[in-house]
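Novice: coords below, sequence missing:
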């Protein structure tokens with residue numbers, strides 16, 4: 001959808017990226033002797049490189065990805081993988097609500 005340009009508009013593309021991140025976090029299986037967040041960082045790097053080759057990121061996508069990566073580095077490594085997944089899902093949900101939806105609502109109120 002991304003490379004075929006069926007998802008148009010900065011917010012729609014950003015929401016698509018965040019939805020893909022949500023699926024990645026849910027589906028990721030950490031190999032033995034690897035830490036979940038560090039492994040996710042390496043997988044995420046490959047995924048975003050692929051997406052960038054399909055089509056350049058919108059500014060909103062870059063900002064969302066930067067925020068996600070920052071939060072990823074701040075997760076307690078002593079948590080279990082399922083707890084880390086839940087925290088990352090919350091990060092995504094909060095970003096969608098606070099940085100995309102509320103901003104859109106504020107713009108439409110003017």
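Specialist: Nice, I can see it. Please read all numbers here as calculations on a predicted model, not as lab measurements.
Novice: ok now do residue 41, which residues does it touch?
Specialist: Contacts here follow C-beta atoms under 8 Å, 6 or more residues apart in numbering; on that basis residue 41 touches 69, 72. Bear in mind the C-beta positions are built from the backbone N, C-alpha and C, glycine included.
Novice: Could you do residue 72 as well?
Specialist: So residue 72 contacts 37, 40, 41, 44, 88 (C-beta under 8 Å, 6+ apart).
Novice: Could you name the specific helix or strand carrying residue 78?
Specialist: Using DSSP states H and E, residue 78 falls within no helix or strand.
Novice: And the pLDDT at it?
Specialist: On the pLDDT scale, residue 78 is placed at 95.
Novice: From residue 38, how far off is it?
Specialist: Look at residue 78 and residue 38: by C-beta to C-beta, to the nearest Å, they are 14 Å apart.
Novice: Name the residues of the host helix or strand of residue 21 that come out as buried.
Specialist: In the assignment (DSSP H and E), residue 21 maps to helix 10-27. Neighbour-count burial for helix 10-27, counted by 16 or more other C-beta atoms under 10 Å, picks out 13, 14, 15, 16, 17, 18, 21, 22, 25.
Novice: correct me, but the last one touches residue 87?
Specialist: This means residue 25. No - with contact defined as C-beta atoms under 8 Å, residue 25 does not count as touching residue 87 (9.6 Å).
Novice: Residue 78 and residue 38 - which one has more neighbours?
Specialist: residue 38 (12 against 7; other C-beta atoms under 10 Å).
Novice: Could you look up the SS state of the more buried one?
Specialist: helix (DSSP: H, G, I helix; E, B strand; the rest coil).
Novice: where's it relative to residue 27, distance?
Specialist: For residue 38, the distance to residue 27 - C-beta to C-beta - is 17 Å.
Novice: swap in residue 99?
Specialist: 24 Å.
Novice: for residue 58, same thing?
Specialist: 24 Å.
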